[in-house]
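[1] Model the structure of this input:
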Amino acid sequence: MNEINIFSPASVANVSCGFDVLGFCLDSVGDFMRISKTSSPGVTIGTVTGQKLPTDPLENVASVAGLALVNEIGCKEGFRIDIDKKIKPGSGIGSSAASAAGAVFGINELLGAPYTRNELIRFAMAGEALASGAAHADNLAPVLLGGFTLVRSNVTLDVIKLPNPKELVATVIHPRIELKTLHSRAILKATIPLNKAVEQWGNLGAFVSALYTEDYDLLSRSMEDKVIEPYRSMLIPKFNEVRQAALNAGALGSGISGSGPSIYALSRGKKTAEAVGKAMEIHYKNLDLEYQIHVSKINTEGIKIVRNS
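    Residues are numbered from 1 along each chain as shown. You can find the predicted model right below:
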């Protein structure tokens, strides 16, 4: 096999109570990537459509991640990455993670899959570090593994795939402003009060338990962010109003997707999720602010092979 075509999905990280450790994979939006073998060693960026991305291999997250894999395995073959970028950079739904994860997945497949999907996460983290200034796997893990994932440690890279309650459907609204992860991390406090930390730990533990037991009421009660949201929400237009509109329309919970500016909601059933989207968009219509809405089931597979040649 000399070429592979893949769909690398968007993702929601943090999920309110799980800053830098919790995430889930979307199904309705993602990037399409083609990875091809070349005769020259290294990893290069070919054509890029959809969004403006750097083509310098040392500045593009896809090639940086791919190079991390190629350099470790000592591969003498080269690879070209073509990207049809459907996820807008700075949208808060894992644009850089989709690129980085897609690159290492595709190269790994062309090499005969010497690494498992879980093992590929550490290579993809090299690309994520370039984008956000920190090597974290909360977006990468769900893109590669699918469903909900928990990163116990970014250092030893201990990642757990969690169950997916069957009726959960996500709604994501993306106001068309760019909010770089690097900038949104800069406003966060280095320390937090102990009482807030205890509340956050309780919510995270309850959220994970709710996934295992399919307890939608417990899931709803645990979707609170006492640590990050109070700061990042100031960077997102009408955040409190949009979040409350989602809850009023029947969402189990709502919060900032990744570093923002996208706002996500989880609902029980597609009908409710669609109603939530309509309720959320009213506030951006009134602002005359461009936006996109995605209503998506939870993607339990992660990256998918579209076509081989």
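[2] mind listing the helices for the stretch 101-250 of the chain?
    117-132, 140-145, 181-186, 194-213, 216-222, 229-232, 239-248 (DSSP state H, counting those that start in this stretch).
[3] Highest mean neighbour count out of those helices?
    Most buried of the helices of the stretch 101-250 of the chain, by mean neighbour count (mean count of other Cβ atoms under 10 Å): helix 140-145, with a mean of 31. In this view, the C-beta of every residue, glycine as well, is placed from N, C-alpha and C.
[4] Give me the distance between that helix and the centre of its chain.
    8 Å (Cα atoms, centre = their mean, to the nearest Å).
[5] try stretch 61-74
    Taking Cα atoms, centre = their mean, the mean C-alpha location of stretch 61-74 is offset from the chain mean by 20 Å.
[6] could you give the mean pLDDT of that stretch?
    Stretch 61-74 carries an average pLDDT of 95.
[7] Need the contact partners of that stretch.
    Identification of contacts with stretch 61-74 by Cβ atoms under 8 Å, 6 or more residues apart in numbering yields 33, 35, 42-45, 57-58, 79, 81, 83, 96, 99-104, 107-108, 111, 114-115, 120, 123-128, 130-131.
[8] Quick check: buried residues in it?
    For stretch 61-74, the neighbour count (16 or more other Cβ atoms under 10 Å) marks V61, A62, S63, V64, A65, G66, L67, A68, L69, V70 as buried.
[9] pLDDT below threshold where in the stretch 151-300 of the chain?
    Within the stretch 151-300 of the chain, the stretches with pLDDT under 70 are 181-183.
[10] returning to that earlier point: nearest to D288 among the buried residues of stretch 61-74?
    V61 (32.6 Å; Cβ to Cβ).
[11] Name the nearest residue to the closest one, ignoring sequence neighbours.
    G127 (3.5 Å; Cβ to Cβ, 6 or more residues apart in numbering).
[12] who are the neighbours in contact with that neighbour?
    V61, A62, S63, V64, A65, A68, S96, S99, A100, A103.
[13] Which one of these is nearest to L235?
    For the contacts of G127, the nearest to L235 is S96 (18.2 Å; Cβ to Cβ).
[14] what number of residues lie near the closest one?
    Counted with other Cβ atoms under 10 Å, the neighbours of S96 add up to 28.
[15] quick one, domains of this protein?
    3-163, 168-297 (automatic domain parsing).
[16] distance between the ends of the shortest one?
    If I follow you right, that is domain 168-297. Start and end residues of domain 168-297 are separated by 7 Å (Cα to Cα, to the nearest Å).
[17] With the first one instead?
    End-to-end distance for domain 3-163: 33 Å, by Cα to Cα.
[18] remind me, longest strand of this protein?
    When the chain is parsed with DSSP state E, its longest strand is strand 22-38.
[19] hang on, the earlier thing: among the buried residues of stretch 61-74, which one sits closest to G255?
    V61 (24.7 Å).
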